[in-house]
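Student: pasting a predicted model and its sequence here:
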Amino acid sequence: MGKVSITINGSDVKNIYPAVTIGVSAAASGDEVILFILPSGLPAFVKGQMEVLNEKGVNLPDLPEMMEGLKMLGCRILICELGFGVHGIEEKDLIEGCEVVGATTFVAVAQGSDLTFSF
């Protein structure tokens with residue numbers, strides 16, 4: 001089993017679906033998975049936004065279900081603290097299970113990753 005680190009730098013379907021799909025696949029294979037949400041990706045992690053993206057992802061797997069699967073499989077969802085001021089979002093607005101951290105925390109947690117992806 002390995003460690004997979006994924007950064008998300010956008011809040012569109014093209015950013016979220018590939019990241020979550022790879023994350024679920026890796027976690028289901030027994031890998032430790034870390035998602036780091038950069039400021040541009042933050043809006044997708046506001047309550048209700050996964051459902052909006054799900055509607056845009058025609059013929060794609062159910063995004064909220066995949067996110068729940070990620071959480072159940074122990075994925076860490078790290079949110080960059082810099083995004084809040086940029087988007088006027090508060091921590092209470094986030095989906096459940098997110099951790100707000102600085103980039104240095106992500107770098108420390110991601111050390112030794114076997115695979116890294118960025119979307």
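Tutor: Yes, it's here. Here the structure is a predicted model, which means the values were calculated and not measured. Numbers count the residues shown, from 1 in each chain.

Student: centre-most residue in this protein?
Tutor: The geometric centre of the chain, computed from its C-alpha atoms, lies nearest to Leu35 (C-alpha atoms, centre = their mean), at 4.3 Å.

Student: which ones are touching that one?
Tutor: Contact analysis of Leu35 by C-beta atoms under 8 Å, 6 or more residues apart in numbering lists Ile6, Thr7, Ile8, Ala19, Gly23, Leu70, Cys75, Arg76, Ile77, Leu78. (Glycine included, C-beta is placed from N, CA and C.)

Student: output the helix or strand hosting it as CSV, nothing but the C-alphas.
Tutor: Element membership for Leu35 (DSSP states H and E) is strand 32-37. The C-alpha coordinates for strand 32-37 follow below in CSV (Å, rounded to 0.1, in the frame of the first residue of the first chain):
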residue,chain,number,x,y,z
GLU,A,32,-3.5,6.4,2.0
VAL,A,33,-5.1,9.4,0.1
ILE,A,34,-4.7,13.1,0.7
LEU,A,35,-6.6,15.7,-1.2
PHE,A,36,-5.3,19.3,-0.9
ILE,A,37,-7.7,21.9,-2.0
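
Student: mind checking how far the residue nearest to Gly2 when sequence neighbours are not counted is from Thr104?
Tutor: With C-beta to C-beta, 6 or more residues apart in numbering as the criterion, Gly2 has its nearest non-adjacent residue at 3.5 Å, and that residue is Asp114. Distance from Asp114 to Thr104, counting by C-beta to C-beta, to the nearest Å: 21 Å.
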